[in-house]
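>>> Pasting a predicted model and its sequence here:
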Amino acid sequence: MSAPAGTIRVHAPQPSLLGRLFEPRALGRPAPLARILVYGGLLAWALVVLFPMYWLLVTSLKLPIDVNEGPKYLPFVDFAPSLHAWQYLLVDMRNDTLRPYLNSVITASVSTLLAVAIGSMAAYALSRIAYRPRLGSILVFVLCLAAAVLAMVALGLPWWLAATVGLALFYLVVRALGHRFRKSLGNGDILFWMISQRILPPVVTALPIYVMFQRLGLLDTHVALIVTYATVNLPIVVWLMYDFFASVPVDLEESAQIDGASRYRTFFDIVLPLARPGLAATGLLVLVLAWNEYLLALFLSSANAQTMPLLVAAQNATRGPQWWYMSVLIVLMILPVIMIALALQRFFTRGLLLGAVKG
Amino acid sequence: MAEPGEDSRRAGVAEWLDRRASAVFIMPAVLVILAFSIFPLLISLYLSLARFRLAPGGYELRFAGVANYKKLLLGSEQWHFLGRFGALSALDWLVVIGVVGGLGWWLARYLARGRVWLPGLAGRLVFALLVGALVVLAAATVGEGVSLGSLSTTLVYVAVGCFVQFAIGLSLALLCVQPVHGRSFFRVVFFLPLMITPVGVAYAFRMLADMSKGPIAPLWNGLGLAEFAWAADPWLARLVVVVGDSWQWIPFIFIVMLAALESQPRDTVEAAELDGAGGWQIFRDITWPSIMPVAATVMLIRVIEAFKIIDLPNVLTNGGPGTATESLTLHAFVLWRTLDLGGSAAVAYMLLFVTVVMCVSFFNLIVLPYRERQA
């Protein structure tokens, strides 16, 4: 894995988790009191982090009476642990639990694949090919788009007709006037435009997307969630992968192109394998974001495509909060991501760092 | 064997694709963003200017001008969006005059510098106006007998939450960068909350914050507070939301700041230590300047995401007591659920406006200068 120039160096690679726990003493050791304070602070925060997770796990093993009688902390000591909630959700209500779980797995993984594929292609192109979109053409396009939208919502034109007319108009105007537009934008502007989509609060677009999918008859399907998640996470992929591609040396690609390989072959056979660490980091980050997403799922799915966060939130419904079931579901949701995080923590961190540190 | 004609046609397609490679690579991303971000953005703008009504055989949208915005800012939804106003006290006036004076001085200083760039001036003006308006709003809606609207509540989450998260995240990173045993263990553990679904975090904190049956109930009992309900007090409910949000997001700041701290050159610090500089002095003069650009960027990312908060207030407090913990996103969602699509879109657009002004100002006024200074 070649370290990209300019990124921060994460501490030297260490062997295993167990090995790291017993790493050798450092040379310059601070004063004893300072050490006590440092350890005290670190342990206190570890407690703050771990206790809520422990509490979820313990609650998932409690009978309703153990929850309602007040705090009980230790299974086998304070109360007799029971698997009743687990049994109820995984055996009795198997289908009602598994379906949302499967929905989450499908939407999160497919949307991640889609976002990473589309995003890394765009990121690669932006880091290797010079684009010069004309400012005037963009302006014309936005005007045509606005006109199409207006024709659609105000005049009640069907969307396909409005879109076709808008596109045709755009094509004609650019054909006729395109060569007169002098001022053009560069790759940096395109990159900024794509990344800036992340500022957009999802609730602004959720509403029209809801209407769109309703019109297309795709509400409450996997497709709706997959496409929306892929769009929302695309800016992150473009941002992180751009930094990554920019740091991969171009020599190999150049020699491949001299040998007659097309852009596609170069990209798929040479660049992507080299970029595997970056792809892994980005993919994981996006996967977790899609896995945990709540608002858009709330808008776009109800019964068939319901995802896990919705199921968890729904446990509050009629009979008051069912803490034990909720805890089981949350533990079920957390487990896979925690495993991923533990196994691939350094990849993961890398994903966060690439974006934040390089800006 | 393929027909020769088919073969050459395929070659033709391949060649055409090859020539168009630059477009093929970038077009999917551009189209997706156009179709699912820009296009909805325009529709949303129209919705916010229209009145939505269920009609026989479907629904109808009628253009209503700025009626939805007027309702939010001046009309029947004002209490929900901006809050309930009261008269300004002497202290409020003092704060308002102080802030407005400060903004005026800041603008005057920019103008006096001579190199005025028109978009820069416009951006600063919008920023100053927005901040001034928000401060007046805060002065008028904080106190007895008045209440905050969803706009101010969101800003409280963003400002208080981000500040707390940065302070604790940076402190943890400073602790973790010390030569301690098990540093990798702490790093992994501190990272975990970021992985947990916000809905789960919300329920976990509802359980933890239960003052009669939660794990810290004995402590409240000991203090005689067991019957006290934080969920009934607007500020305590907001506090619980901020605590849950911080628990989740401190890891993000922590990880990035830790990496920034580890990447700063050791020799400068060691040289300063040899010269007898104290810990605080080293931090202020060496560490802080070197990590500041990273800190500014990571805070920008955090602020952008913080404006979108909905999961925690929705699940933790259901927006209550009343609407006290409703964020703007939740407000828009509630309106959408009651089929006030126009109002919902108007709230969403107000959120977009505030987010963009704040984030662009943050980027131009804080992130860029630090980066330029470093370059």
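Noted; the coordinates are in hand. Small disclaimer: the values here were computed from a predicted structure and weren't measured.
>>> Can you give me the distance of the residue of the stretch 101-250 of chain B found nearest chain A to residue A:38?
Closest to chain A within the stretch 101-250 of chain B is residue B:179: 3.1 Å, counting by Cβ to the nearest Cβ. Glycine gets a C-beta too; all of them are placed from N, C-alpha and C. Remark: distance between residue B:179 and residue A:38 (Cβ to Cβ, to the nearest Å) = 9 Å.
>>> Name the residue in those two with the higher neighbour count.
Relative neighbour count places residue A:38 above the other of residue B:179 and residue A:38, with 18 against 14, counting by other Cβ atoms under 10 Å in any protein chain shown.
>>> From what I see, the more buried one and residue B:178 are in contact.
Yes - with contact defined as Cβ atoms under 8 Å, residue A:38 counts as touching residue B:178 (4.9 Å).
>>> could you list every residue that touches residue A:198?
A:235, A:236, A:239, B:304 (Cβ atoms under 8 Å, 6 or more residues apart in numbering or on different chains).
>>> Could you dump the residues you listed into JSON lines with distance to residue A:70 added?
Output for these, formatted as JSON lines (distance: Cβ to Cβ, whole Å):
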{"residue": "A:235", "distance to residue A:70": "47"}
{"residue": "A:236", "distance to residue A:70": "44"}
{"residue": "A:239", "distance to residue A:70": "48"}
{"residue": "B:304", "distance to residue A:70": "42"}
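>>> Show me where the chain dips below the pLDDT cut-off.
No chain in the question, so chain A it is. Residue ranges of chain A with pLDDT under 70: A:1-31, A:317-319, A:348-359.
>>> Not quite, go with chain B.
Residues of chain B meeting the criterion pLDDT under 70: B:1-8, B:57-58, B:226-227, B:374-375.
>>> how does it divide up, domain by domain?
B:4-48, B:75-85+B:146-374 (automatic domain parsing).
>>> Can you tell me which of those domains is most buried?
domain B:75-85+B:146-374 (a mean of 19; mean count of other Cβ atoms under 10 Å in any protein chain shown).
>>> What is the burial count for residue A:134?
Residue A:134 has 18 nearby residues by other Cβ under 10 Å.
>>> Just list the residues touching it, thanks.
When the contact criterion is Cβ under 8 Å, 6+ apart, the partners of residue A:134 are A:178, A:181, A:182, A:183, A:184, A:185.
>>> Could you identify the buried members of those residues?
A:181, A:185 (16 or more other Cβ atoms under 10 Å in any protein chain shown).
>>> Take the contacts of residue A:134 and keep only those in strands.
Within the contacts of residue A:134, no residue falls in strands by DSSP state E.
>>> Please identify which pair of the contacts of residue A:134 lies farthest apart.
Greatest spatial distance among the contacts of residue A:134 (Cβ to Cβ): A:178 and A:185, at 14.5 Å.
>>> one step back: can you lay out the contacts of residue A:134 as CSV showing distance to chain B?
Shown next, in CSV, are the contacts of residue A:134 (distance: Cβ to the nearest Cβ, whole Å):
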residue, distance to chain B
A:178, 15
A:181, 18
A:182, 20
A:183, 16
A:184, 15
A:185, 13
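>>> Nearest to residue B:10 among the contacts of residue A:134?
Taking Cβ to Cβ as the measure, residue B:10 lies nearest residue A:178 of the contacts of residue A:134, at 31.3 Å.
>>> I'd guessed residue B:312 sits against residue B:243; true?
No - in this structure residue B:312 lies outside contact range of residue B:243 using Cβ under 8 Å: 9.6 Å.
>>> measure the closest residue to residue A:248 other than its chain neighbours to residue B:297 for me?
Leaving aside its sequence neighbours, residue A:248 sits nearest to residue A:274 (Cβ to Cβ, 6 or more residues apart in numbering or on different chains; 5.5 Å). According to Cβ to Cβ, residue A:274 and residue B:297 sit 26 Å apart.
>>> do residue A:316 as well
Relative to residue B:297, residue A:316 is positioned 37 Å away (Cβ to Cβ).
>>> Also residue A:33?
For residue A:33 relative to residue B:297 (Cβ to Cβ), the value is 35 Å.
>>> Now do stretch B:129-136: everything it contacts.
B:95, B:96, B:99, B:100, B:103, B:151, B:152, B:155, B:354, B:357, B:358.
>>> Sort out which residues of it are buried, please.
Those would be B:131, B:132, B:134, B:135, B:136, for stretch B:129-136 by 16+ other Cβ under 10 Å.
>>> same thing with stretch A:153-167?
A:153, A:159, A:162, A:163, A:166.
>>> Identify the residues contacting the second one.
Just to be clear, that refers to residue A:159. Contacts of residue A:159 (Cβ under 8 Å, 6+ apart): A:152, A:215.
>>> circling back to that earlier point, overlap in contacts, residue B:312 and residue B:243.
residue B:205.
>>> Do you have the strands of the chain handy? List them.
In the absence of a named chain, chain A is used. Using DSSP E, strands in chain A do not occur.
>>> ah, no, chain B please
B:50-55, B:58-63, B:83-84, B:147-148.
>>> Helices - which of the buried residues of stretch B:129-136 land there?
The helices, defined by DSSP state H, take in B:131, B:132, B:134, B:135, B:136 from the buried residues of stretch B:129-136.
>>> Export these as CSV, with columns for distance to residue B:107.
Below are these laid out as CSV (distance: Cβ to Cβ, whole Å):
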residue, distance to residue B:107
B:131, 11
B:132, 11
B:134, 16
B:135, 15
B:136, 17
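>>> Name the pair among these with the greatest separation in space.
Spanning the widest gap among these are B:131 and B:136, at 9.9 Å by Cβ to Cβ.
>>> how near is the spatially most central residue of chain A to chain B?
For chain A, the residue nearest the mean C-alpha position is residue A:286 (2.3 Å; Cα atoms, centre = their mean). Computed as Cβ to the nearest Cβ, to the nearest Å, the residue A:286 to chain B distance reads 13 Å.
>>> How about the contacts made by that residue?
Contact analysis of residue A:286 by Cβ under 8 Å, 6+ apart lists A:111, A:112, A:115, A:116, A:233, A:236, A:237.
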